[in-house]
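Chemist: Using only what follows, build the 3D model:
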Amino acid sequence: MRTAGPVGPVGEVGPSVVNHRLTIATVCLSGTLEDKLAAAAAARFQGVELFDSDLIASSWSPHRVRQECARRGLSIDLYQPFRDFEGVPSEVFAANLRRAERTLDVLEQLGARTMLVCSSVSPDAVDDDDLAAEQLSVLASRAELRGVRIAYEALACGRFVNTYAHAWRIVRRAGHPALGLCLDSFHVLSRGDDMAGIRVVPGSKVFHLQLADAPRLNMDVVEWSRHHRLFPGLGSFDLAGFVGYVLSTGYDGPLSLEVFNDVYRQADPRHAAIDGMRSLLALQESVGTAAPPVVREGLRQSALPPAPELTGHGFTELAVDETSGQVVARALTALGFAHTAQHRSKPVQLWEQGKARILLNFAPQRRMTPGTATICALAVESVDPAGSTRRAERLLAPVLPRLRQPEEAELTSIAAPDGTAVFLVRTGGDDESWLQDFVPTGATAASEGRITGTDHVLLTDSLDDFDEATLFYRAVLGLRAGETTEIAAPFGLIRSRAATDPTHRVRITLNTAQLRRGDWAPAIPSPQHVAFSTDDAIASAKAMRALGAPVLKIPDNYYADLDARLALAPEFLAALREHSILYDRDEHGEYLHFYTEILGSRVFFAVVQRVGGYAGYGDPNSVPVRMAAHRERRLVFVTRQGRVAERRPARLLTGPSDRAEPIPAGTGGCRGRGRLPVRGPAADPCHAAGAALPARHRSGPDADHQGPAGRERDRGSRH
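Modeler: This next block holds a predicted model:
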């Protein structure tokens, strides 16, 4: 359908622009049908695919469902699934027709105009295209009398029809105007089918388009399909290419999400729906960039505001108290940082070295565990902060309210899914720079630590937030997410994924533990770290040790293995061993990195050197080495304090300022969940002391891990 009117979340369109409705299947979301419709409408979807199981379980009649959808501004674009219909013996076909008539009755009451028919997996079916075409034609004739179309979908697990090309041959053979195709990205791409063949299908015969991403897994396709689909942009499929081929046929119907995922179907449906909308808008943007000119022209006016160029990390803010603040400040001093400025109106310190900036926020928080330090905010430098904000708002990222003094800079921050405040800033000498809010102390960094800037920030998310956070940074900030890496850590499997801008000036790493059972270890909930860049890791480590930096000791066994694997020059290997520097290399370059001990319960620092074009984050096999070394240091501390370190209950102290106590639900930071609008003065990142919002919060995995920081959002951020 071509339109000249507005299209809700995809903006204003001209007379030649195709209005692809944005639709979500109810199976993507958790809850009852009422919950799902409310969530879809709140996320600004224009329609839904209604699953029969949701209708059957609802107390609403089909007519009531139609009314409720209309009241929320939703159309019912598809009713599904209708299974095991075609290619069957006559007696089975008669029963199938009776079943179909009852289903068409339901569609009439719903006001739905398309019914999905899946290719048969029935043992009754036979491999006979002529019979399948004949029976589908009969069904299409009956549907046509009711103003309904039949969209025939080839399931990847179909008994005989399991490719879109085969389904198209049957549809062509039937030759009925009310019979067309449903193209599902999962069923096409999971089989590795050639997408180019889609171009031979007329757009008028593509009745519906379903979209889902997925990781590449070697498993039964049914299990893969029903449990491991992802929203677009989070898996390995070339969805932009797939959609480009479909749109090049002239298809003008909905872009619809059909994602079976166990995590999404247990999550708050409001949050999952917003993630789905973000993924579709970002996918449209990707298609508009890479698709043929005729497709780009059609999508041009529905594109998102472009993501402005990001030029680096502005600052990383740590929420601290008097105890943890002293620990972190001593460590920063030993790393060569200086306390260069103090905020004009808030208890916030600015520490600098090179272009690396750390803020220590001492504002009191009643929900923060004493002695804890935690990353509460990040700032990324944008060439156009206002443009970055417009994009964030279009992608339904809550812009956080902020109280400020008249002379202070007007800054914008948005809430990430886990509650982290992400500031969009410009750093410089003009009046809009956030640095104008700070009064110099007169101290300057002497550069003993040789730190030049911030390389990356590592955050740990719960399993539920992991994909959502990736989608947030990818879509809202325009970062490119890499493949997920699995790491066999000492306390369980860890998944890690990095996101970076095209120029690699902003890097954010996300980690999660897939399963956490037991309470015996370790003692760090949702570990976090900030990695600083240097041009000489060995010289930095030497200088920092001289200043008393708490550099983490790496065992000799690691260097014996490194020597065996890489045959490094003896002098170089000796220097790495002496200064506890970890090492990796690939065909592009080298990576040297070392770490501090844990500071304030969960935070630590890293110093990294990238040589050549190395773009990774170290050998995944070095992560367990670092984790074991951190645990050993905690046990040493506990022993010195005369505490019992092993097999203690989850609510006892187990290390220097560490708590094994999980972060309780509902005690997230003042920003709350990064999907729905945050209201009230407590939402101000700088003025949330003692008034944290009752936000949805899940603590991150307890597994200590090399990756960005975890999320105990118990502190307000500076701005």
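
Chemist: how about the nearest residue to Gly314, chain neighbours excluded?
Modeler: Ala379 (3.3 Å; CB to CB, 6 or more residues apart in numbering). The way it works is simple: take the backbone N, C-alpha and C, and place the C-beta from them, glycine included.

Chemist: Next, that neighbour: phi, psi?
Modeler: Ala379 adopts backbone torsions of phi -130, psi 130, taken as degrees, to the nearest 10.

Chemist: didn't it look like it was pressed against Phe315?
Modeler: Yes - judged on CB atoms under 8 Å, Ala379 makes contact with Phe315 at a distance of 4.6 Å.

Chemist: which residues do the two both contact?
Modeler: 423, 434 (CB atoms under 8 Å, 6 or more residues apart in numbering).

Chemist: show me the contacts for Met277.
Modeler: Going by CB under 8 Å, 6+ apart, Met277 touches 9, 22, 24, 43-45, 395-396.

Chemist: which one of those residues sits closest to Asp84?
Modeler: Closest approach to Asp84 among the contacts of Met277 (CB to CB): Ile24, at 25.6 Å.

Chemist: Show me the beta-bridge partners of that closest one.
Modeler: Per DSSP bridges, the residues bridged to Ile24 are Val48, Leu257.

Chemist: Show me the shaky parts of the stretch 151-300 of the chain.
Modeler: Residues of the stretch 151-300 of the chain meeting the criterion pLDDT under 70: 297-300.

Chemist: What segments of it are helices?
Modeler: 164-174, 185-189, 221-227, 239-248, 269-290, 293-299 (DSSP state H, counting those that start in this stretch).

Chemist: Hmm, His339 is touching Ala329, no?
Modeler: Yes - if you go by CB under 8 Å, His339 and Ala329 touch, sitting 7.2 Å apart.

Chemist: Return every residue with contacts to both of these two.
Modeler: With CB under 8 Å, 6+ apart as the test, His339 and Ala329 both reach 349, 351.

Chemist: Just the helices from the stretch 501-650 of the chain, written as ranges.
Modeler: Assigned by DSSP H, counting those that start in this stretch, the helices in the stretch 501-650 of the chain fall at 537-546, 556-566, 570-578, 623-640.

Chemist: Need the winner for burial among these.
Modeler: Most buried of the helices of the stretch 501-650 of the chain, by mean neighbour count (mean count of other CB atoms under 10 Å): helix 537-546, with a mean of 20.

Chemist: packing partners for that one?
Modeler: strand 589-595, strand 603-612 (3 or more CB pairs under 8 Å, 6 or more residues apart in numbering; DSSP states H and E).

Chemist: mind putting the ones you listed in CSV, distance to Thr249 and mean neighbour count included?
Modeler: CSV is the format used below for the helices and strands packed on helix 537-546 (distance: least, CB to CB, whole Å; neighbours: other CB atoms under 10 Å):
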stretch, distance to Thr249, mean neighbour count
strand 589-595, 44, 22
strand 603-612, 45, 22
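
Chemist: Dump those to CSV, plus mean pLDDT and distance to Leu400.
Modeler: Formatted as CSV, the helices and strands packed on helix 537-546 follow (pLDDT from 0 to 100; distance: least, CB to CB, whole Å):
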stretch, mean pLDDT, distance to Leu400
strand 589-595, 98, 31
strand 603-612, 96, 22
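
Chemist: mind putting those in TSV, distance to Gln210 included?
Modeler: Shown next, in TSV, are these (distance: least, CB to CB, whole Å):
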stretch	distance to Gln210
strand 589-595	41
strand 603-612	41
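
Chemist: strands paired with the host helix or strand of Leu424, and their directions?
Modeler: For Leu424, the host element (DSSP states H and E) is strand 421-425. Strand pairing for strand 421-425, using DSSP bridges, gives strand 374-382 (parallel), strand 412-415 (antiparallel).

Chemist: Give me the distance from that strand to the chain's centre.
Modeler: 17 Å (CA atoms, centre = their mean, to the nearest Å).

Chemist: Equivalent analysis for stretch 339-346, please.
Modeler: A distance of 34 Å separates the C-alpha centroid of stretch 339-346 from that of its chain, computed with CA atoms, centre = their mean.

Chemist: With stretch 125-132 instead?
Modeler: Stretch 125-132 has its C-alpha centroid displaced from the chain centroid by 43 Å (CA atoms, centre = their mean).

Chemist: Contacts made by that stretch with the rest, please.
Modeler: Residues contacting stretch 125-132 (CB under 8 Å, 6+ apart): 84, 86-89, 159-161, 166, 169-170, 173.

Chemist: of all these, which comes closest to Asp262?
Modeler: Checking the contacts of stretch 125-132 one by one against Asp262 (CB to CB), the nearest turns out to be Asp84, at 24.9 Å.

Chemist: Skipping its backbone neighbours, what lies nearest the closest one in space?
Modeler: Of all residues not flanking Asp84 in the chain, Ser122 sits nearest, at 3.8 Å (CB to CB, 6+ apart).

Chemist: if I look at the one you found, how far off is Ala165?
Modeler: Computed with CB to CB, to the nearest Å, the distance linking Ser122 and Ala165 is 21 Å.

Chemist: Next: Met277.
Modeler: Distance from Met277 to Ala165, by CB to CB: 32 Å.

Chemist: Same check on Trp60?
Modeler: Separation of Trp60 from Ala165 (CB to CB) stands at 39 Å.

Chemist: Glu407 - how many residues pack around it?
Modeler: Glu407 has 10 neighbours, counted by other CB atoms under 10 Å.

Chemist: so who does the residue nearest to it when sequence neighbours are not counted touch?
Modeler: Distances taken as CB to CB, 6+ apart place Arg344 nearest to Glu407, at 7.1 Å, with adjacent residues excluded. Contacts for Arg344 (CB under 8 Å, 6+ apart) come out as 405, 407-408, 437-439.

Chemist: and the nearest residue to Ala392 once chain neighbours are set aside, bridged to which residues?
Modeler: Distances taken as CB to CB, 6+ apart put Ile414 closest to Ala392, at 4.6 Å, once the chain neighbours are dropped. Bridge pairing for Ile414 (DSSP bridges) gives the partners Val399, Val422.

Chemist: Spatially central residue in this protein, please.
Modeler: By CA atoms, centre = their mean, the chain has its centre lying nearest to Thr470, at 2.2 Å.

Chemist: so who does that residue touch?
Modeler: Counting by CB under 8 Å, 6+ apart, Thr470 makes contact with 234, 481, 497, 499, 510.

Chemist: Where does pLDDT dip in the stretch 551-700 of the chain?
Modeler: 637-700.

Chemist: All the strands of the stretch 451-600 of the chain, in order from the start?
Modeler: In the stretch 451-600 of the chain, the strands defined using DSSP state E, counting those that start in this stretch lie at 451-460, 480-481, 485-489, 492-500, 507-513, 528-534, 582-585, 589-595.

Chemist: Dump the third one to CSV, keeping only the CA atoms.
Modeler: C-alpha atoms of strand 485-489 as CSV (Å, rounded to 0.1, in the frame of the first residue of the first chain):
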residue,chain,number,x,y,z
THR,A,485,32.2,-15.0,22.4
GLU,A,486,31.7,-17.8,24.9
ILE,A,487,34.3,-18.1,27.7
ALA,A,488,34.8,-21.1,30.0
ALA,A,489,35.4,-19.2,33.2
